[in-house]
Every structure is written in C-alpha cells, then in structure tokens.
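Asks: model this:
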Amino acid sequence: MKYCSLTVILIVFFLCGSCASVNITLPSEGRRIVPDFSGIVHAGETNTQEEFDYLNYMGVSWVLHTFYWSRIEPQQDNWNFEDYDIMVNKAGDAGIKVLGVLAYDNWWIHADQKSHGYISPEQIPDFLNYVRRTAEHFIGRVGAWCIWNEPNSSRFWNGTVEEYTELVRQAAAVIKKTDNNVIVLGGAFARNVTGLPKKMINSLFESNAMENVDAIAFHPYELNINRSIKLYKQFEEIVSQYGYNDKIWVTEIGYPTGGWYPTKVSEVIFPLRVVKTFVLLAAGGAERVFWYQMFDASNPSKSNSEDFFGLVRSENDYTSKGAEAFRLCASYISGSVYYALTQGNLPASLRIFYFKKKNGGALVLWKDGFGSAQVSLKLPGINHLRHDIVTGVASSINYDITIKAESEPVFITWRTVQNSSENEENIVIMGKR
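Replies: Residues are numbered from 1 along each chain as shown. This next block holds a predicted model:
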C-alpha cells in the first residue's frame with residue numbers, strides 16, 4: 001500500500017506523568033464521501049420559498065418524499081401529478097435532488113376494502129402501470145426511486161417475502177426501462193421486534209430481484225447511537241456478501257424529542273445525536289444519510305412521538321432543534337475524505353474523526369462515557385474555528401489550543417493555506433486523562 005507524506009502525530013500523557021507518542025502515516029486514500037451525502041425526509045412539503053431557502057442554508061442535497069399511488073391515480077386511469085410537480089420543480093430550482101418512494105396501494109384494487117398495504121400477484125400490472133407513468137412523468141427531475149418502504153413491517157406490507165421480492169424485481173425493471181439514468185433503491189428495511197429481516201434481504205439478492213437496483217436502503221433506528229451503528233454493521237455484513245457493502249443508503253434515521261417512543265431524547269441531547277449519527281455513519285461507510293425529518297408537527301400531540309422528529313420546531317417557527325448541527329455535518333462532511341485516525345495510546349473513549357477537503361478540513365471529537373479528557377491540538381492551515389453545534393455560531397481559535405473533550409462533540413474547522421505542501425497539513429493531538 002502506498003502512503004502519502006501527510007502525517008498525524010498522536011501523543012497521550014497519563015496521570016502518572018509518563019508519556020508515549022505514535023507517529024501515524026495516513027494511507028494515500030481515505031474514504032471518499034460523496035458531495036450529496038446529506039438529505040432530509042419530508043422536507044420541502046410547504047412548497048414555500050422560505051423553506052427552500054432554509055434547506056439551502058442547511059446544505060441539504062436531497063429531499064425524500066413518498067409518491068403515493070393513491071394520490072397519483074385515485075381512480076383507475078385518472079392521473080394527477082399536480083401536487084408532486086410543484087414540489088419537484090421547486091426542489092429542482094433550488095438545486096436539491098428528490099428521492100421518491102414508490103409505495104402503497106389503492107382502495108380501488110381491493111374488492112374487500114381491507115387489504116391495505118398489499119399488492120397481490122394479480123394486481124402487479126396495475127402497480128407497474130403507476131410505476132411506469134410516474135417514472136416517465138418525472139424523467140430528469142427525480143434523481144432516485146425507492147421501491148416500497150419498510151416491507152418487513154406489517155404496518156406497510158402484508159404480503160409474503162416472495163411477493164415483495166417479485167414486486168421489486170418487476171418494478172425495478174420497469175423503472176430502468178423507462179429512465180435508465182435514474183438511481184433505483186430497494187429495501188428500505190428497518191429492524192423489527194425479531195431483528196433484521198435476513199430472509200427477506202437474502203431473497204432480494206438470491207432471486208435476482210436486485211439486477212436493476214443500484215443500492216439498498218436501510219433505516220437503522222435504535223435506542224441510542226452505538227446500537228444504531230452496531231445494527232448498521234450487522235446489515236452491512238449481510239449485504240456485503242452480495243457486493244453491496246458500499247451501496248447502502250440510510251434513507252431514514254432520527255430521534256424524537258417527545259411522545260412515548262423509547263428512542264426519545266431531550267432537546268438538549270438532540271443536537272449531539274445529530275452530529276454523532278452523521279459522523280459515525282459517514283465514517284462507517286454509509287453512501288448517503290437522510291434525517292427523519294424536517295419539521296415537528298405544528299400542533300403536536302403530547303403522546304405521539306411522530307410529531308417530534310423535526311430538525312426545526314415547526315413550519316410556522318423556524319427555530320432550530322438540530323438544524324444547525326445538521327448544517328455543520330452537511331457543510332463539512334459532504335464531499336470530504338475521511339481518514340481513520342488510529343488511536344495509538346490515546347484513551348479508547350476519546351473519539352476523533354478527521355474530514356479533509358481540498359480547501360480545508362474538519363476535526364470532530366468527543367469522549368464516550370463519563371468524565372472528560374484534556375486534549376491539546378496543533379492544527380494546520382488558517383482561519384481556525386470552533387463551531388457551537390447547538391447555535392451554529394463559530395468562534396475563532398488559535399492553531400494550538402487545549403480543549404476539554406466531553407460527551408458533546410467538539411467541531412473544529414480550518415482553511416488550507418494555498419500552495420501549501422502536504423507536509424504542512426500535519427495535526428498534533430495531545431491528550432491528558
């Protein structure tokens with residue numbers, strides 16, 4: 001393996017007074033993170049210029065919307081794309097891509113009016129007609145399509161594994177035949193009470209249903225961040241045997257700040273969760289990450305957690321709950337190269353992540369567990385800033401600074417000196433515990 005001259009020096013001082021140092025040479029290639037890494041679910045639904053201006057401020061690259069069959073074809077052969085046209089066109093004008101979910105049934109296909117969440121084999125031609133007409137209508141305006149949502153949940157799919165697999169196989173073929181340039185996603189799986197749906201995931205690949213599918217979607221909802229990352233790695237292990245370990249889109253991840261869901265967090269903790277989730281998923285290999293969702297409900301129900309997932313308070317009040325934390329990640333992680341810093345003799349509880357761009361870099365660090373650690377930094381470049389992940393306010397700092405690492409992430413950025421050599425890009429990190 002080739003190595004470049006960019007080095008990172010890690011030095012740790014122990015309480016006993018002894019010290020050890022490790023010089024680490026980074027590989028010439030880190031993990032490249034795509035420029036359009038960050039998205040938001042249910043964003044842009046107000047269709048107002050105010051919202052799209054705010055999405056641009058946040059650095060949003062994608063918005064995810066469900067293109068409900070029942071809204072697009074409320075009666076057989078009666079097509080209505082008007083509402084979706086408005087949203088898609090406004091997103092396009094704002095330079096934001098659209099991921100559309102093709103999902104759910106229509107009451108007019110069910111004789112008994114009770115089979116919601118199911119497309120029978122006999123009804124697949126009707127579903128494929130909706131898929132074809134929708135993909136055709138939005139050619140060049142929708143960047144990606146996902147076939148169905150959380151099919152391993154009885155809330156969204158009441159058919160068999162084999163029926164879902166066949167639905168994906170045929171729908172993906174229709175989409176690619178209609179628009180060969182669009183990205184097609186399958187899956188959108190989430191953990192249920194029995195764990196990951198290994199049978200359904202394996203069935204997708206082993207039945208050749210993924211032949212026309214470019215990537216697989218996953219929703220790693222869990223009680224906390226570490227459990228989410230562990231779940232992501234379990235999913236990655238399953239799909240890696242089919243060559244999809246680097247083709248995972250996290251199309252939903254988030255935490256409510258109210259209601260009864262066991263994943264609920266306080267608003268104080270929420271921005272921390274946003275930063276840590278994006279950093280760990282970017283470092284862990286996710287191709288893209290979509291936060292669920294843009295707004296809290298305007299009139300939330302105290303018990304309904306679905307009303308409290310927003311990055312922003314409500315569409316009537318653009319107060320940030322986690323929008324500033326999202327903006328930092330979208331701005332400095334998207335389009336960067338992530339370098340894994342080997343811990344050396346640093347405490348295992350000290351987490352350090354280095355994201356390098358052509359015009360600068362970002363260092364994100366925090367300490368797991370209880371207590372704190374004193375960390376001294378010597379940073380490269382110029383214009384060194386420390387960003388408040390709650391307010392988004394940036395404060396100038398010296399290139400050499402000592403900080404206290406705690407559970408709240410420290411987010412530091414700098415600009416690269418023009419015409420500097422790689423040797424001038426060294427970072428020195430010294431930790432004391």
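Asks: Now the residue nearest the centre of the chain: phi and psi?
Replies: The chain has V289 as the residue nearest its centroid, 1.3 Å off, counting by C-alpha atoms, centre = their mean. Phi and psi for V289, reported as degrees, to the nearest 10, are phi -130, psi 130.
Asks: leaving aside the residues next to it on the chain, what's closest to it?
Replies: Sequence neighbours aside, V250 is the residue nearest to V289 in space, at 4.6 Å (criterion: C-beta to C-beta, 6 or more residues apart in numbering). Using the backbone N, CA and C atoms, a C-beta is placed for each residue, glycine as well.
Asks: On the three-state scheme, that neighbour is what?
Replies: Of the three states, V250 takes strand under DSSP: H, G, I helix; E, B strand; the rest coil.
Asks: what number of residues lie near it?
Replies: 24 (other C-beta atoms under 10 Å).
Asks: per-residue confidence for the residue nearest to the centre of the chain?
Replies: Per-residue confidence at V289 stands at 98 (pLDDT).
Asks: Next: N106.
Replies: The model reports N106 with a pLDDT of 90.
Asks: wait, isn't it in contact with I72?
Replies: No - the criterion here is C-beta atoms under 8 Å, and N106 misses it with I72 at 9.2 Å.
Asks: V142 looks like it's in a helix, true?
Replies: No - assigned with three-state DSSP, V142 falls outside any helix and is coil.
Asks: what's near enough to touch it?
Replies: If you count contacts by C-beta atoms under 8 Å, 6 or more residues apart in numbering, V142 has them with V88, V98, L99, G100, A135, V182.
Asks: Let's see that with 10 Å instead.
Replies: 65, 67, 84, 88, 91-92, 97-100, 134-135, 179, 182-183 (C-beta atoms under 10 Å, 6 or more residues apart in numbering).
Asks: Would you map the strands across the stretch 1-150 of the chain?
Replies: Using DSSP state E, counting those that start in this stretch, the strands assigned to the stretch 1-150 of the chain run over residues 3-13, 19-27, 31-32, 38-41, 62-68, 97-103, 144-147.
Asks: So what pairs up with the spatially closest residue to V213 that is not a sequence neighbour in the strands?
Replies: Leaving out its chain neighbours, the residue that sits closest to V213 by C-beta to C-beta, 6+ apart is G186, at 4.3 Å. Listed by DSSP bridges, the beta-bridge partners for G186 are I216.
Asks: my guess is G186 meets D214, correct?
Replies: Yes - counting by C-beta atoms under 10 Å, G186 does reach D214; the two are 8.9 Å apart.
Asks: From I33, how far off is the residue nearest to the centre of the chain?
Replies: 10 Å (C-beta to C-beta, to the nearest Å).
Asks: what is in contact with these two at once?
Replies: Any residue near both V289 and I33 by C-beta under 10 Å, 6+ apart counts here, and that gives A282, I333, S334.
Asks: shaky segments in the stretch 51-200 of the chain?
Replies: Scanning the stretch 51-200 of the chain with the threshold set as pLDDT under 70 gives 112-115.
Asks: Helices of that one, start to end?
Replies: 69-72, 82-93, 124-137, 161-178, 198-206 (DSSP state H, counting those that start in this stretch).
Asks: Can I get the third one as CSV, trimmed to CA atoms?
Replies: Translated: helix 124-137. Listed next in CSV are the C-alpha coordinates belonging to helix 124-137 (Å, rounded to 0.1, in the frame of the first residue of the first chain):
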residue,chain,number,x,y,z
ILE,A,124,-48.9,-6.2,-10.0
PRO,A,125,-49.7,-5.0,-13.6
ASP,A,126,-51.7,-2.1,-12.1
PHE,A,127,-48.9,-1.2,-9.8
LEU,A,128,-46.4,-1.4,-12.6
ASN,A,129,-48.5,1.0,-14.7
TYR,A,130,-48.4,3.5,-11.8
VAL,A,131,-44.6,3.0,-11.5
ARG,A,132,-44.1,3.5,-15.3
ARG,A,133,-46.3,6.5,-15.6
THR,A,134,-44.7,8.2,-12.5
ALA,A,135,-41.1,7.5,-13.6
GLU,A,136,-41.9,8.6,-17.1
HIS,A,137,-43.5,11.8,-15.9
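Asks: Give the full set of residues in contact with T48.
Replies: Y54, K90, E315.
Asks: Oh, that last question was meant for T257, not what I typed.
Replies: T257 neighbours (C-beta under 10 Å, 6+ apart): 264-270, 273, 296, 300, 305, 307-310, 321-322.
Asks: Distance check, it against D317.
Replies: 14 Å.
Asks: Ok, Y164 next?
Replies: From Y164 to D317 the distance is 40 Å (C-beta to C-beta).
Asks: and the two? which has more neighbours close in?
Replies: Higher neighbour count among Y164 and D317: Y164, with 24 against 10, using other C-beta under 10 Å.
Asks: Would you mind confirming that F353 makes contact with L363?
Replies: Yes - if you go by C-beta under 10 Å, F353 and L363 touch, sitting 7.3 Å apart.
Asks: Need the residues touching each of the two.
Replies: With C-beta under 10 Å, 6+ apart, F353 and L363 have common neighbours L341.
Asks: Now do stretch 164-176: distance to the chain's middle.
Replies: 24 Å (C-alpha atoms, centre = their mean, to the nearest Å).
Asks: So for it, what gets flagged as buried?
Replies: 164-176 (16 or more other C-beta atoms under 10 Å).
Asks: can you put these in a markdown table and add distance to T402?
Replies: As requested, the buried residues of stretch 164-176 are exported to a markdown table (distance: C-beta to C-beta, whole Å):
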| residue | distance to T402 |
| --- | --- |
| Y164 | 55 |
| T165 | 56 |
| E166 | 60 |
| L167 | 57 |
| V168 | 54 |
| R169 | 58 |
| Q170 | 60 |
| A171 | 56 |
| A172 | 54 |
| A173 | 59 |
| V174 | 59 |
| I175 | 54 |
| K176 | 55 |
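Asks: Looking at those residues, which two lie furthest apart in space?
Replies: Maximum pairwise distance in the buried residues of stretch 164-176, criterion C-beta to C-beta, is 18.6 Å, between Y164 and K176.
Asks: The closest residue to A323 other than its chain neighbours: what's it in contact with?
Replies: Counting by C-beta to C-beta, 6+ apart, L311 is the residue found nearest to A323 once chain neighbours are left out, at 4.5 Å. Neighbour list for L311: 40, 43, 58, 60, 254, 270-271, 274, 291-296, 320-327 [criterion: C-beta under 10 Å, 6+ apart].
Asks: the strands in the stretch 201-350 of the chain, which residues?
Replies: 215-219, 248-253, 288-291, 312-314, 317-320, 337-339, 350-357.
Asks: and the ones you listed, which is most packed in?
Replies: strand 288-291 (a mean of 27; mean count of other C-beta atoms under 10 Å).
Asks: Name the residues of stretch 404-417 that are buried.
Replies: Neighbour counts over stretch 404-417 (16+ other C-beta under 10 Å) mark A405, E408, P409, V410, F411, I412, T413, W414, T416 as buried.
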